[in-house]
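Engineer: here is a sequence together with a model predicted from it:
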Amino acid sequence: MSRITVVGGTGYAGSAVVAEAATRGHHVTAFSRSLPAEPLPGVTYVQGDATDEAALAAAVAGSDAVVAALAPRGPLEGSFRDVYRTLGRLADAEGVPLYLVGGFSSLRPAPGAPRFVEDLTHVPAALQPEVLAGAALVVEDLPATPETLDWVFVSPAMQFGSFAPGERLGRYRVGDDVAVDPAGGAISGADYALGLVDLVEQGGHHRAHVNLGY
């Protein structure tokens, strides 16, 4: 089994990935600001600050894969992209793939069409900086990393988050940077985690933007 480190492992997406990976028998380390109220058996929880490079490096060391599930809000509002640049550099130095929990807005409605993020008129002004920061990872930052960094940016369907947890259906569809459901469908946290851990295990995508939906 693989050693998987999930940075942001107690958040909505991160905790779902931790649970899915642990259920499959992987050795999982969950790195986050806070410890969960109900830790999962067999998971190693590490409390730390993602802006602390030494703490991140210690969490990444010895991993076979790193999953990044941080959000560009709260304490990371102004440092989100810098933290991800650091995490990419650490994963590259460790020689392990980096899987990033992305957002819907970085996808396209059709091949060659502008990304949804290019028109945010429907998004409340207060949320636009968060959307832009998340999309900038795959639009600007990740393509600029050294070719030796193997990254996969995994966008969910539009209706994804703790506000719409959904149920585990045990299925999903996977696409590239074109939304599998451009009309704004949903995917549960459990099924998103199912798809992401499948991607980690299969290892078939490299320096790629993919998306998961029903």
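Structural biologist: Received the coordinates, thanks.
Engineer: would you mark the buried spots in stretch 156-167?
Structural biologist: Across stretch 156-167, burial judged by 16 or more other Cβ atoms under 10 Å covers 156-160, 166. Quick note: C-beta positions are derived from backbone N, CA and C, even for glycine.
Engineer: scratch that, stretch 88-97
Structural biologist: Buried residues in stretch 88-97, counted by 16+ other Cβ under 10 Å: 88-92, 94, 96-97.
Engineer: next one: Ser162 from Gly134, what distance?
Structural biologist: Relative to Gly134, Ser162 is positioned 16 Å away (Cβ to Cβ, to the nearest Å).
Engineer: re earlier: rebuild the buried residues of stretch 88-97 as JSON lines, extending it with pLDDT and distance to Arg24.
Structural biologist: Shown next, in JSON lines, are the buried residues of stretch 88-97 (pLDDT from 0 to 100; distance: Cβ to Cβ, whole Å):
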{"residue": "Gly88", "pLDDT": "98", "distance to Arg24": "25"}
{"residue": "Arg89", "pLDDT": "98", "distance to Arg24": "28"}
{"residue": "Leu90", "pLDDT": "98", "distance to Arg24": "24"}
{"residue": "Ala91", "pLDDT": "98", "distance to Arg24": "21"}
{"residue": "Asp92", "pLDDT": "98", "distance to Arg24": "26"}
{"residue": "Glu94", "pLDDT": "97", "distance to Arg24": "22"}
{"residue": "Val96", "pLDDT": "98", "distance to Arg24": "18"}
{"residue": "Pro97", "pLDDT": "98", "distance to Arg24": "17"}
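Engineer: what's the helix or strand for Gly9?
Structural biologist: For Gly9, there is no helix or strand it lies in under DSSP states H and E.
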